[in-house]
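Asker: After the sequence you'll find the predicted model.
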Amino acid sequence: EAGVAQSPRYKIIEKRQSVAFWCNPISGHATLYWYQQILGQGPKLLIQFQNNGVVDDSQLPKDRFSAERLKGVDSTLKIQPAKLEDSAVYLCASSGGAGLYNEQFFGPGTRLTVL
Amino acid sequence: SQQGEEDPQALSIQEGENATMNCSYKTSINNLQWYRQNSGRGLVHLILIRSNEREKHSGRLRVTLDTSKKSSSLLITASRAADTASYFCATGPRKTSGSRLTFGEGTQLTVNP
């Protein structure tokens, strides 16, 4: 079974530029998550999708971050414009459902450096 | 402060020894999960324990949960160099809909050969 795919793996941009990350979840997984992991910290949930609907985006900085999952499969996360503090690893995860006891499967992440 | 806080922040042991990591949390939960993250990689799910369970085993892993103390521990027995990684606890709050997990800061485990 193929895992969660993410691209690119690394991205370096200057502040105020825009950047987009792509995620392809495990086939058949209805729930998709985007996390931000700052160096030395645990992952923080940015947004959760159930199929193509948003379940939780309470921690997404909506003035600069946006995410979509138009067909309920792939997802993109965009930052526009980027700030220095956005430097982090952006992790995508998926699970088979949105229930309380679902294991989440993580992709390798995209390491973003904002200069 | 973090919902899940791991202790210690870093742990260094010799191969063959046991490693114990602790996690404390603040609010009521419906489950607690442990994940491993190797350097530069994504997280891998290790084990899930429900709020009505007290202990769970999986291979060399043993997890305990004490809801009265709002704490959990992860024991890795007979550690191997390949166990070197960061270990995170993640809680699923009781009152939150969906499956949002709140992660702690992690424990960096180093197993020396």
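Answerer: Ah, there it is. Numbering: from 1, shown residues only, chains lettered A, B, ... in the order given.
Asker: So, low pLDDT: which residues of chain A?
Answerer: Applying pLDDT under 70 to chain A picks out residues A:1, A:97-101.
Asker: Could you show which parts of it are in contact with chain B?
Answerer: Residues of chain A lying close to chain B (C-beta under 8 Å from any C-beta of the partner chain) are A:4, A:31, A:40-45, A:48, A:50, A:55-56, A:91, A:93, A:95, A:97-109, A:111. C-betas here are computed from N, CA, C, even on glycine.
Asker: Just the buried ones among the residues you listed, please.
Answerer: Neighbour counting over those (16 or more other C-beta atoms under 10 Å in any protein chain shown) leaves A:4, A:31, A:42-45, A:48, A:50, A:55-56, A:91, A:93, A:95, A:98, A:100, A:102, A:104-109, A:111 as the buried ones.
Asker: now, which of those lie within strands?
Answerer: Secondary structure from DSSP state E places A:31, A:44-45, A:48, A:50, A:55-56, A:91, A:93, A:95, A:105-106, A:111 of these in strands.
Asker: So which of those is the closest to chain B?
Answerer: Distances from chain B to these, taken as C-beta to the nearest C-beta, are shortest for residue A:106 (3.6 Å).
Asker: The closest one: what's it in contact with?
Answerer: Residue A:106 makes contacts with A:4, A:91-93, B:35, B:42-44, as judged by C-beta atoms under 8 Å, 6 or more residues apart in numbering or on different chains.
Asker: cool, and residue B:10?
Answerer: So, once contact is read as C-beta under 8 Å, 6+ apart, residue B:10 ends up touching B:107-110.
Asker: Would you map the strands across chain B?
Answerer: So, for chain B - with DSSP E - the strands run B:5-7, B:10-14, B:19-24, B:29-37, B:43-50, B:55-58, B:61-66, B:71-76, B:85-93, B:102-103, B:107-112.
Asker: hmm, who's touching the fourth one?
Answerer: With C-beta under 8 Å, 6+ apart as the test, strand B:29-37 has contacts from A:100-101, A:103, A:106, B:4, B:23, B:25, B:43-51, B:61, B:63, B:65, B:67, B:72, B:74, B:85-94, B:101, B:103, B:106.
Asker: Can I get the buried ones among those residues as something I can paste into ChimeraX?
Answerer: Selection of buried members from the contacts of strand B:29-37 for ChimeraX, criterion 16+ other C-beta under 10 Å:
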select /A:100,106 /B:4,23,25,43,45,46,47,48,49,61,63,65,72,74,85,86,87,88,89,90,91,92,93,101,103,106
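Asker: Report all helices and strands that whichever strand or helix holds residue A:36 contacts.
Answerer: Counting by DSSP states H and E, the element that carries residue A:36 is strand A:31-37. With contacts defined as 3 or more C-beta pairs under 8 Å, 6 or more residues apart in numbering or on different chains; DSSP states H and E, the packing partners of strand A:31-37 are strand A:44-50, strand A:75-79, strand A:88-95.
Asker: Dump those into TSV; add distance to residue A:9 as well.
Answerer: TSV is the format used below for these (distance: least, C-beta to C-beta, whole Å):
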stretch	distance to residue A:9
strand A:44-50	19
strand A:75-79	15
strand A:88-95	10
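Asker: Let's test this: name the helix or strand in chain B with the lowest mean pLDDT.
Answerer: Lowest by mean pLDDT, DSSP states H and E among the helices and strands of chain B is strand B:5-7, with a mean of 81.
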